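Asker: pasted the sequence and its predicted model underneath.
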Amino acid sequence: MAARLTPNAIAAVNAGDLDLKPVVQVTEVLKIAGPQERFRMVVSDGSATQQALLATQLSEVARVGRVRRGSVVQLLEYICSTVQSRRIIVVLNMEVLIMECEVLEISDFHTSQKATLLSNTCQQRSQMLNGYANLPFARDKSNSSLCSNNMAQSYQPTVQPSYKPHPKYKNHGAITKNVAPACIIPIAALNPYQGRWAIKARVTAKGNLRRYNNAKGDGKVFSFDLLDSDGGEIRVTCFNAVVDRFYDVVEVGKVYMISKGNLKPAQKNYNHLKNDWEIFLEASSTVELCPEEDVSIPAQQFNFKLISEIENAENNSIIDMIGIVTFVNPSVTILRKNGMETQRRIVNLKDTSGRTVELTLWGDFCNREGRKLQEMVDSGAFPSLALKSGKVSDFSGKSVGTISATQLFVDPEIPEAISLRDWFDREGKNAFSHSISRDDISELNKNEIRKNVADIKDEGLGRGDKPDWFTLKATISFIKTDNFCYTACPLIIGDRKCNKKVTKLTNGNWVCDRCDREFEECEYRYLLQVQVQDHTGVTWVTAFQASGEEIIGCSAKELFMLKELDDGKFTEIIRSCLFAKFLFRLKVKEEHYGEEQRVKVTVLKAEKVNPSTEIQYLLDLISKIYPVT
């Protein structure tokens, strides 16, 4: 069998001709490095070459060697797309005409002979090469007719095989107006400059139906996320009448054939998938359920981060993570700033990085996955939990919270969960881990760095984007006693007290502006201003409730009552604190007060210096500086 390379095929395909079905020669086949087996080729039409990417359904052809260097193939279904700033042909279906043949370099032939006849038999290849050696047609145009006659004796007439589409990509439904079916392409190859296309993908997430109101009037919208066999992801959005067509049709976990959508730039404020485009379905769009399950498309795709990596993640960034659930708090009702109530539940996760993190479940997550997790932990089980699209927060350390796009998977059957379970059962259950979710826990434990008072100014501590945490051994030299505490709201909001400052009414009751309620008794909370010093200098620090009690030795309410009723006892307690040595765990951060910037030093924990512990610390420090040889 013989075939003629299609003249100028590369230029025609690049110009958008998808009906040409050109015959080309493969000059190179390479496997692409990555988690999924993919192959690329270089194809030639005799006058030009072009990079080509084989769709995953054709990987088997390249892997077993049915297409190789020198093969002659006919491209039956394909698109030409821009990938990483390069034009590339994505081959969706092809037929191998000649499996093995001599690769003919473009530079070896005259322009008029670039569409050269190719043969798959050794005898024909030999005749071709001998004829070329004896007839230097490239230098003498008078021999061109003799060359043509010799070649005509060696080669059969041109044969263009009939179009035989791959069974996987037969047309779904009738074709109207003589329009060919759209090509099924990978999600990664989609771009707004293509004509007709179709994608086959699994729905991995479906958003709630939302209603909105703007200058154009009322409307409704919902979105769903797709994943294909190549690992490509993209979001699909429907508005108004299109919502009515597809909202009940789309189900999470099902595979669909989708076509005739409009591609627009993805709105990264709301769309966290790694795709620059988003599909907007229109009245002419089609969403067809695939009747047979496609096992080549995974149920979900994760990009897990260790908790230790989340510790350094940017605030508001979107991440995937997996961990073992070690503790679950009860669900509580809290009041949002907009006055609406919602549910919140705190879950503690642990992984192999030696860190734990708080995951905050909001809204329906509290009663669905949250209730299931609490029942499992209460029964003595420690389930694994995979989270997709959680939002990082740096409030009170680092934590992760759910958003509308979040998905939770309890004890998922994935390799990462199995490996994590094995680690937890062997050693992780009893292994110590630091929390990254509380200033007074995580940042202290992982920042046992000793500093001096002078270092605060000399090193510019607290003046960066993030606070600085360190330990200071210092002596208390003065305590302000005029405003050492404030009156606070005792009401519970969610799982915590309000603690906002309250004012006293003429009737003797107290009122909280935040809660808008009156009550007979208020709370007293420390707001202690303390001057501390070491051998390098003096600085002021602020101690709140817990650290204030550690310094004074009694509650703020007790100290307030003593000041009102027994001034002598009050003075004695204050004097007993002076010149006492403490190890202060401090947080330093520059804050704005009007137009002025100040470095605020906050006491997170205060411990009286234990002589034996301090001696051991100094001995360890000396051994590091002067190691014993």
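Answerer: Received the coordinates, thanks.
Asker: beyond the lowest-mean-pLDDT helix or strand in the chain, next helix or strand please.
Answerer: Ranked by mean pLDDT, DSSP states H and E, the weakest helix or strand in the chain is helix 144-154, scoring a mean of 35. Going down the chain from helix 144-154, the next helix or strand is strand 183-184, by DSSP states H and E.
Asker: list the buried residues in the longest helix belonging to the chain.
Answerer: For the chain, the helix with the greatest residue count under DSSP state H is helix 611-625. Under the neighbour-count criterion of 16 or more other Cβ atoms under 10 Å, helix 611-625 has Tyr617 buried. Using the backbone N, CA and C atoms, a C-beta is placed for each residue, glycine as well.
Asker: what are the bridge partners for the most centrally placed residue in the chain, then?
Answerer: Centroid-nearest residue in the chain, with Cα atoms, centre = their mean: Ile319, separated by 4.0 Å. Ile319 forms beta bridges with Gly390, as assigned by DSSP bridges.
Asker: tell me if I'm right that it and Ala386 touch.
Answerer: No. Ile319 is not in contact with Ala386 according to Cβ atoms under 8 Å; the separation is 11.9 Å.
Asker: mind listing the helices for the stretch 451-600 of the chain?
Answerer: Secondary structure of the stretch 451-600 of the chain by DSSP state H, counting those that start in this stretch: the helices cover 453-458, 545-552, 556-565, 567-577.
Asker: buried residues in the shortest one, which are they?
Answerer: Going back to what we said before, that points to helix 453-458. 453, 455-456.
Asker: got it, and the second one?
Answerer: If you call a residue buried by 16+ other Cβ under 10 Å, then helix 545-552 has these buried ones: 545, 547-552.
Asker: for Ala606, see how far away the closest residue to Ala454 other than its chain neighbours is.
Answerer: Leaving aside its sequence neighbours, Ala454 sits nearest to Thr536 (Cβ to Cβ, 6 or more residues apart in numbering; 3.7 Å). Distance of Thr536 to Ala606, computed by Cβ to Cβ, to the nearest Å: 19 Å.
Asker: quick one, which of those two is more surrounded?
Answerer: Neighbours per residue (other Cβ atoms under 10 Å) separate Thr536 from Ala606, with Ala606 holding more: 23 against 15.
Asker: for that one, give me its contacts.
Answerer: 543, 547, 550-551, 582-585 (Cβ atoms under 8 Å, 6 or more residues apart in numbering).
Asker: what do you get for Phe327?
Answerer: By Cβ under 8 Å, 6+ apart, Phe327 lies in contact with 347-348, 377.
Asker: how about Glu572?
Answerer: By Cβ under 8 Å, 6+ apart, Glu572 lies in contact with nothing.
Asker: that one and Leu562: what is the separation?
Answerer: Per Cβ to Cβ, Glu572 is found 9 Å from Leu562.
Asker: now the helices of the stretch 451-600 of the chain as JSON lines including distance to Gly217 and mean pLDDT?
Answerer: What follows is those, written out as JSON lines (distance: least, Cβ to Cβ, whole Å; pLDDT from 0 to 100):
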{"stretch": "helix 453-458", "distance to Gly217": "58", "mean pLDDT": "92"}
{"stretch": "helix 545-552", "distance to Gly217": "51", "mean pLDDT": "92"}
{"stretch": "helix 556-565", "distance to Gly217": "55", "mean pLDDT": "93"}
{"stretch": "helix 567-577", "distance to Gly217": "66", "mean pLDDT": "94"}
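Asker: a markdown table for those helices, including distance to Ile622?
Answerer: A markdown table is the format used below for the helices of the stretch 451-600 of the chain (distance: least, Cβ to Cβ, whole Å):
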| stretch | distance to Ile622 |
| --- | --- |
| helix 453-458 | 20 |
| helix 545-552 | 29 |
| helix 556-565 | 40 |
| helix 567-577 | 31 |
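Asker: which among these is found nearest to Lys504?
Answerer: Among these, helix 556-565 comes nearest to Lys504, with 13.6 Å by Cβ to Cβ.
Asker: which residues does that closest one contact?
Answerer: 481, 484-485, 523-526, 545, 548-549, 552, 569-570, 573.
Asker: got JSON lines for those residues, with distance to Ala405 too?
Answerer: Shown next, in JSON lines, are the contacts of helix 556-565 (distance: Cβ to Cβ, whole Å):
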{"residue": "Thr481", "distance to Ala405": "52"}
{"residue": "Phe484", "distance to Ala405": "47"}
{"residue": "Cys485", "distance to Ala405": "44"}
{"residue": "Glu523", "distance to Ala405": "39"}
{"residue": "Tyr524", "distance to Ala405": "43"}
{"residue": "Arg525", "distance to Ala405": "38"}
{"residue": "Tyr526", "distance to Ala405": "41"}
{"residue": "Gln545", "distance to Ala405": "37"}
{"residue": "Gly548", "distance to Ala405": "42"}
{"residue": "Glu549", "distance to Ala405": "42"}
{"residue": "Ile552", "distance to Ala405": "47"}
{"residue": "Lys569", "distance to Ala405": "58"}
{"residue": "Phe570", "distance to Ala405": "55"}
{"residue": "Ile573", "distance to Ala405": "54"}
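Asker: state the three-state secondary structure for Ile324.
Answerer: Of the three states, Ile324 takes strand according to DSSP: H, G, I helix; E, B strand; the rest coil.
Asker: and it, how far from Gly46?
Answerer: Using Cβ to Cβ, one gets 61 Å for the distance from Ile324 to Gly46.
Asker: surely Lys260 meets Ala283?
Answerer: No. Assessed by Cβ under 8 Å, Lys260 is found out of contact with Ala283, at 9.4 Å.
Asker: more neighbours, the two?
Answerer: Set Lys260 next to Ala283 and count neighbours by other Cβ under 10 Å: Lys260 wins out with 16 against 8.
Asker: which residues are in contact with the closest residue to that one other than its chain neighbours?
Answerer: In this structure, Lys260 finds its nearest non-sequential neighbour in Ser285, 4.6 Å apart by Cβ to Cβ, 6+ apart. By Cβ under 8 Å, 6+ apart, the residues touching Ser285 are 242, 258-261.
Asker: mind checking which of those are in helices?
Answerer: Per DSSP H, helices hold the following members of the contacts of Ser285: Val242.
Asker: and the nearest residue to Ser404 once chain neighbours are set aside, how far from Thr237?
Answerer: Distance criterion Cβ to Cβ, 6+ apart; nearest residue to Ser404, sequence neighbours excluded, is Gly207 at 6.3 Å. To Thr237, Gly207 is 9 Å away according to Cβ to Cβ.
Asker: quick one on the thing from earlier: next, format the buried residues of helix 453-458 as CSV and append distance to Glu293.
Answerer: Shown next, in CSV, are the buried residues of helix 453-458 (distance: Cβ to Cβ, whole Å):
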residue, distance to Glu293
Val453, 68
Asp455, 63
Ile456, 63
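Asker: between the residues you listed, which is closest to Glu95?
Answerer: Proximity of the buried residues of helix 453-458 to Glu95 was ranked by Cβ to Cβ; the top entry is Asp455 with 73.9 Å.
Asker: just checking, that closest one touches Leu461?
Answerer: Yes. The criterion here is Cβ under 8 Å, and Asp455 meets it with Leu461 at 6.6 Å.
Asker: and for these two, which residues touch both?
Answerer: Listed as contacting both Asp455 and Leu461 by Cβ under 8 Å, 6+ apart are Phe470.
Asker: what's the pLDDT at the residue nearest to Lys260?
Answerer: Ser285 is assigned a predicted lDDT (pLDDT) of 93.
Asker: could you do the one 4 residues further on as well?
Answerer: At Leu289, the pLDDT value in this model is 94.
Asker: contacting residues around it?
Answerer: Leu289 makes contacts with 249, 254-256, as judged by Cβ under 8 Å, 6+ apart.
Asker: can you check Leu190 too?
Answerer: By Cβ under 8 Å, 6+ apart, the neighbours of Leu190 are 81, 197, 199, 234, 263, 277, 279.
Asker: among those, pick out the one closest to Gln343, please.
Answerer: Among these, Ile234 lies closest to Gln343 (Cβ to Cβ), at 31.5 Å.
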